[in-house]
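1. Provided below for reference: sequence and predicted model.
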Amino acid sequence: MNDDENAAKKRRTLRSTASTSTSSLATGTTTRPVTTAVKRDSLAAELERDPQFSAARRRQRTQLFTNTVSHASLERQLLQAQTSRVDIETKLREKEVQIERLERDRRHFADKEKEEREAREREQEERAAEKKRTDAELKSLRAQFDNLQEEFADLQSVHSQRMLSSTQEVSQLRALNTSFTSQVDRLSADLDSSQAIASSRLDIINSLQDQFDELQAAKDTWMQRTNEESDMGVVREELKKQAEYHRKLEGTNAKLTSEVTILRDRQTSVEVLREQNRSLELKLQYTESLRDKVAQLEAELEASRTEREQWASNQAQSSSSLPSTPSRNAAPTISQTQTLTQLRLQHASLLEEHGSTLASLRTLESTNASLSDHLSSSATQIKQLQETIRELGSTARKADTRVHLAEREVEFLQALVKSYESEEVQKEETTRDERDVGRIKELESLLSEYKSTLDSITTAPPSPSKPSRETLDQLAQLRSELEECQKENTQHIETIDKLEQELFELSGEIAGGRHVPPGKRILQLADNPEQQWFDLRQATMDKLREENSALLKRLHDLESSLPSANTTTATTDESSPNGDGGLVPRASYDLLQSSLATLEQTLAQKEKRLLRLQQVFTSKSAEFRDAITSILGVKLAFYPNGQVRLTSIFDLDASFVFQSTGSSGNGGSGVGGNNVKMQLVAQGEGGPQDLPSMMQYWIENEQCLPGFMASVTLECYEKAKMSGAGDPNTSV
Amino acid sequence: MATKQANRQAITLKGSSALVTEFFKYAANTILFQREVYPSDDFHMVKKYGQTVLVTQDLALENYLERILSQVHKWLLTGSVTQLVLAIISKDTRTPLERWVFDVKLVEPPADASTTRESKPEAEIQSEIRAILKQIVSMVTYLPVIQEPTVFNILAYTNESADVPAGEWVDTDPLAIEASKSQQVKMRSFSTDVHRIEAMVAYRYEE
């Protein structure tokens, strides 16, 4: 595409330069070409004017001819020169255009570079600041990390110690546990053995029971009697018990009755005491009356005293009337004194009597009180005793009734026994029965024994657990210790979790590449894709920069030479092509060269691929054609105009040319299409004799080319076969 | 007994290193395909680990990966490589966009020799690797879409004492992502009897 455009451009520019050059020639900047043109014109004119030929003129003409020839060659040279000049000029213009473009690019690049430089400076500053910051951060992080690691190590050591201790403890506990379990096992084994014994015994019992049952079943008839006998035994025992109880009751009754007699005696004594009391009370009443009498007598005494005093005073009064009073005192009447002494004596005896009665009263009162106490206590005792007697009486009554009942039952049973015995006597099987009974009794005793042993065994298991109480306590203690250990362990696990979280965060730091573990090197393969990419980028950048600088330099040069160029444009135009590296910088040329090289490389690759494809295609098409030839017996030849020639391999003269008709008229592209019809357009000289009729039939009537070709092939084959059996084609 | 065990250990280390190296190859290829660092046409499908994996056909890239992996294999054998990072970098700005980090850890042998561990069956390891590769594929759904053209680099974190082929391998900066714009996701891990590989991706994320 580009080449075409360039060629067109070149052509255009050539045309224009040619016109300018011809014009410049016409103006006569160079002398020689003009003169030759004039000469040629005049000579031609003369030649045209005078067609007559002379010898002189012929010479002249030959000369002229040589002249014209030389002139023509010169002109050709000139034209060549001109064209070359035009070429160069066009090149120059192109280069100028390119320079302009490059200058634009350069300006653009310069701006970009400036921006970039600024940006880079800024970036560098930022980077430096950042680096400082990151360094500081890194330092602190490292320190932190170290601390954390130390801490972690400490914690780990603590943890391991604790783990060790806990594991030791756990192992100890486990050992203990195992010992206990062994003990338990032993005990359980014991239990099992005892249970086994029990079970065996039970089995024995069961077997015995079975035997017993069998015996029972066998002796169903007299079993009832034995049963009754056993019942009798029970009844007897019961009776014995009852009798014992009765005896006991009687004992208690006797005891109680004796008590009751004692109590009755007491009661009688109480009665006596009561009577005494009553008599004493009567005496007291009497003493009361005596007291009243005494009081009366005293009052009488007082009255008599007062009377006596009155009397004495009266005596005195009478004596005063008499000469001497003392005689009056000694002069009381004997009867009076006597009565007085009597009275006095009486009084003293009465006083005495009063004191004695008072004392007896006091004693009686005290005894009365004690007796009343005793009486009340004895009354309550009597009440209690009466209650107990009542109870005993009721129980005795009950027992009596029970005894009566039992006795009645016993009588009944005895009667039954007697009846059975009589029956037995009748049956005369006493000896056997006795044996059986003895055996049954034996068995019963055995059964009872087994029952007792079973009871002892069933009650036995709790006993062995008793001694393990101590161990159980120990076990509980150990369990509690184990729980504590487990708690501690969970705490440790929590701390471990925390530390792991921390570790994850720190590993995130490492994963983010922000922290490099101490003592580690970070390595990369020197030749890695990243490096390659950035190297490549740098290289292109460098190249561009180089080119840019070269272009800048070129621009500068051009600018500096601009004033002179303004004055003489023609000189610059001419001089510029002379400088090889002057027009285009070497760098851009290199760049272009390198890009050209890469493009050429890719082009070569593509061409190679195309060639390979073509080779593949040709080989495949040859294969295809061979296949067609060997299968259908026709050789195919494709023409570039889309026609196909078919030649029978049995008759090389029989060839037909077909052309496709239809939507795609020309070209072989339509051959493979489904809607494309082939048309017979030409045929060779040879072919079967009745070819016209075949054509008539197959092509015109049936319009079936395959049928036509098949019949042609058949005909040709037969013909070839007829003509010579040694035809090499037939052997195909 | 001891010599036998030692032998077994040596064989396991070699096998494990080969396995890990192979995993890196497929992981790197998967990342490069999924993150569209190279055009999709460059990749062809290969059956590996019981699933289809895309592997590059670019000769230069193949060669580059091959060189890296052979060296990594050597380092794995000596246990001097601790981390491998596949960094995806913007072509225009040269800023790191993603860092796919693979931590290589040596599995500590059991403290007491009496308890011999049972070796991990290969099928299990393969299923773990498959899970990681699938996770890498699924990562695309929530990693930010990369609009700009990118280029990648592989960094190896080694011990100071590691043997480094001079000239071929050079020290470099870690291509860190800024702390304020970095986010990371921990991925699955897989382990052989000798190595444990923990994957993680840190990416640049700007709201």
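-> Nice, I can see it.

2. can we go C-alpha only for contacts and neighbour counts from here?
-> OK.

3. Lowest mean pLDDT among the helices and strands, pick that one out for the chain.
-> All of this is about chain A. Here the helix or strand of chain A ranked lowest by mean pLDDT, DSSP states H and E is helix A:569-575, holding a mean of 43.

4. C-terminal to that one, what's the next element?
-> helix A:586-632 (DSSP states H and E).

5. Show me what that following helix is packed up against.
-> Where contact means 3 or more C-alpha pairs under 8 Å, 6 or more residues apart in numbering or on different chains; DSSP states H and E, helix A:586-632 is packed against helix A:529-560, strand A:634-638.

6. Pull up the pairing partners for the last one, direction included.
-> The pairing partners recorded for strand A:634-638 under DSSP bridges are strand A:643-648 (antiparallel).

7. would you put the C-alpha positions of the strand it pairs with in CSV?
-> Provided in CSV are the C-alpha atoms of strand A:643-648 (Å, rounded to 0.1, in the frame of the first residue of the first chain):
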residue,chain,number,x,y,z
GLN,A,643,-12.0,-24.1,-16.8
VAL,A,644,-11.4,-27.7,-16.1
ARG,A,645,-10.0,-30.2,-18.6
LEU,A,646,-10.8,-33.8,-18.2
THR,A,647,-8.8,-36.4,-20.1
SER,A,648,-9.6,-40.1,-20.0
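
8. Would you mind getting the angle between that strand and helix A:586-632?
-> Angle of strand A:643-648 versus helix A:586-632, following axes from the mean of the first three to the mean of the last three C-alpha atoms, to 10 degrees, is 40 degrees.

9. Quick one: residues in contact with strand A:643-648.
-> A:633-639, A:653-660, A:667-668, A:713, A:716 (C-alpha atoms under 8 Å, 6 or more residues apart in numbering or on different chains).

10. Following element in sequence after that strand, please.
-> strand A:655-661.

11. now that next one, how far from the centre of its chain.
-> In this view, strand A:655-661 has its centroid 80 Å away from the chain centroid, taken as C-alpha atoms, centre = their mean, to the nearest Å.

12. do stretch A:157-167 as well
-> For stretch A:157-167 - counting by C-alpha atoms, centre = their mean - the centre lies 28 Å from the chain centre.

13. Number of residues surrounding residue 59?
-> I'll assume chain A. A:Arg59: 11 surrounding residues under other C-alpha atoms under 10 Å in any protein chain shown.

14. Oops, wrong one, chain B.
-> 10.

15. So which residues on chain B come close to chain A?
-> Within chain B, the residues that sit near chain A (C-alpha under 8 Å from any C-alpha of the partner chain) are B:61, B:64, B:68, B:89, B:91, B:99-101, B:151-160, B:167-179, B:182-184, B:200-203.

16. Now that we have the residues you listed, which of them are buried?
-> Buried members of the residues of chain B next to chain A, counted by 16 or more other C-alpha atoms under 10 Å in any protein chain shown: B:64, B:68, B:89, B:91, B:99-101, B:151-159, B:169, B:174-178, B:182-184, B:200-203.

17. what's the first-to-last distance across stretch A:687-706?
-> In stretch A:687-706, first residue to last residue: 16 Å (C-alpha to C-alpha, to the nearest Å).

18. Show me which residues of it are buried.
-> A:687-688, A:691, A:694-695, A:698-699, A:705.

19. In a strand, B:Thr158, correct?
-> Yes: secondary structure of B:Thr158 (DSSP: H, G, I helix; E, B strand; the rest coil): part of a strand.

20. Name the SS class of B:Asp193, please.
-> Once three-state DSSP is applied, B:Asp193 turns out coil.

21. Quick check: the gap between it and A:Arg142.
-> Taken as C-alpha to C-alpha, the span from B:Asp193 to A:Arg142 is 32 Å.

22. hang on, the earlier thing: same list (the helices and strands packed on helix A:586-632) but as CSV, adding mean pLDDT and distance to A:Glu488.
-> Formatted as CSV, the entries for the helices and strands packed on helix A:586-632 read as follows, by pLDDT from 0 to 100; distance: least, C-alpha to C-alpha, whole Å:
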stretch, mean pLDDT, distance to A:Glu488
helix A:529-560, 88, 53
strand A:634-638, 88, 96
